[in-house]
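>>> Turn this into a model:
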Amino acid sequence: MPDTTASTAARFAWRPFFLWVKCPPIRWLRYPWTAAIILIVASCAAPKPPEAVEIVYPPAPEEPRYYYERTLYGSTDVKSETSTDRFRRFATGESARGRGFAKPFDVRADNGRVFISDTVNRRVAVLDFPQQRYYEIGTQGVGRLAKPLGLTTDAQGRLYVVDGTAKRVQVYDLEGTHLTSIGTGEILLRPSGIAVNPDGSRIYVVDTAGVSSQDHTIHVFGPDGKRLFNFGTRGKEEGNLNLPLMVAMAPDGNLYVSDTGNFRVQVFDADGNFIRTFGSIGRRPGQFSHPKGIAVDSDGRIFIADSGFANFQIFDSQGQILLFIGERDALGGPGKYILPAGISVDVDGRIYFVDQFFRKVDVFRPAGLPADAPLGQPPADPTS
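Just a heads-up that it's a prediction; the model follows:
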């Protein structure tokens, strides 16, 4: 009698194995080894990837206001890796993320160009999304940075970077050409944050000073580097400051200062006159644990990073809480933080939020902005 098993196997040898496993001949299913092969292959098959879940704030059923959009880790987030990049990475052992952040501190988004101060790498990393390029500022020459902290830009195309070690402010054009230096160690003790009015005629530098000093103040310089005046001294009364860290200027010209040691935000006019304060120490929304980075958007909303709560809170122009985003999580991930620092809001309403521990910048898109809207382009005027 002919060997039916061998002849059958020969007839099916030409068929692709995966088709055979998917649709085996019915008569072959009576062999135990056939079922075993099918079970083994099925168990090794790649599972269906889970569907992407959109992260929204506030969560349902509330109306969405912001969506988590992406996370920035370094140079490869803005430009594709070239063969030269791959060779350099092979030769130097550089991370696949290209030029990553070591310890980002502050961020400034300016029409899609994102400036990030990195205190450990001693540079400002620039992710230029409209031009799809990456470059660095403050790495050489007279404008070399030792410890870049707060940074900002003005409407004239200048970048201002606080150097905490050099105790001065370095000024560059947006391409990184050094223009001038402002301040000295004789004036600034522990400079941290900075704000500039649109035409660059007034430069506001936060001096955190220290626990042994009463000079917890805001120094105001002119574009020539001369100090015009200062306001604030150590204390807890209205208008006093205690270990202030950051400052931001609103569209109306008012200044918002994160008065960290007093667990509040203080508001001053452009001449340093006290206007109001909001916030207090506590665990409820609208209160603070360690207010740090601060930003104001074009509608006057105030964004306050809190490294104690590991989130940022959004207030209206009068200091009423609107929303908070983020939470503490040692494993990281979108909207998860350990050590938040700087925050910035671009003209399109996107929020850029730094976490030093996870060495990242999370980006959040306002709900009214289309998901495919280019970074740094203001939304079209619906009335036009």
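>>> Confirm Ala195 sits in a strand?
Yes: looking at Ala195 with DSSP: H, G, I helix; E, B strand; the rest coil, it is inside a strand.
>>> then stretch 231-244 to CSV, C-alphas only?
Presented in CSV, the C-alpha positions along stretch 231-244 are these (Å, rounded to 0.1, in the frame of the first residue of the first chain):
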residue,chain,number,x,y,z
PHE,A,231,11.8,96.6,43.2
GLY,A,232,11.0,94.1,45.9
THR,A,233,12.8,93.1,49.0
ARG,A,234,12.7,90.1,51.3
GLY,A,235,9.5,89.7,53.3
LYS,A,236,6.0,88.3,53.3
GLU,A,237,3.9,91.5,52.9
GLU,A,238,2.3,92.5,49.7
GLY,A,239,5.0,93.5,47.3
ASN,A,240,7.7,91.7,49.2
LEU,A,241,9.4,88.7,47.8
ASN,A,242,10.9,85.5,49.3
LEU,A,243,13.1,83.4,47.1
PRO,A,244,11.4,84.5,43.8
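>>> starting at the chain centroid, how far to that stretch?
28 Å (CA atoms, centre = their mean, to the nearest Å).
>>> And stretch 257-273, by the same measure?
23 Å.
>>> Sort out which residues of it are buried, please.
Residues of stretch 257-273 classed as buried by neighbour count (16 or more other CB atoms under 10 Å): 257-268, 272. C-beta coordinates here come from the backbone N, C-alpha and C atoms, glycine included.
>>> can you put these in TSV and add pLDDT, distance to Ala341 and secondary structure?
Output for the buried residues of stretch 257-273, formatted as TSV (pLDDT from 0 to 100; distance: CB to CB, whole Å; DSSP: H, G, I helix; E, B strand; the rest coil):
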residue	pLDDT	distance to Ala341	secondary structure
Val257	98	16	strand
Ser258	98	11	strand
Asp259	97	17	strand
Thr260	96	12	helix
Gly261	95	17	helix
Asn262	97	19	helix
Phe263	97	17	coil
Arg264	97	19	strand
Val265	98	16	strand
Gln266	97	20	strand
Val267	98	22	strand
Phe268	98	23	strand
Gly272	97	25	coil
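>>> List just the nearest of those to Ala295.
The closest of the buried residues of stretch 257-273 to Ala295 turns out to be Ser258 (CB to CB; 10.4 Å).
>>> how about the nearest residue to Gln377, chain neighbours excluded?
Distances taken as CB to CB, 6 or more residues apart in numbering place Asp348 nearest to Gln377, at 5.8 Å, with adjacent residues excluded.
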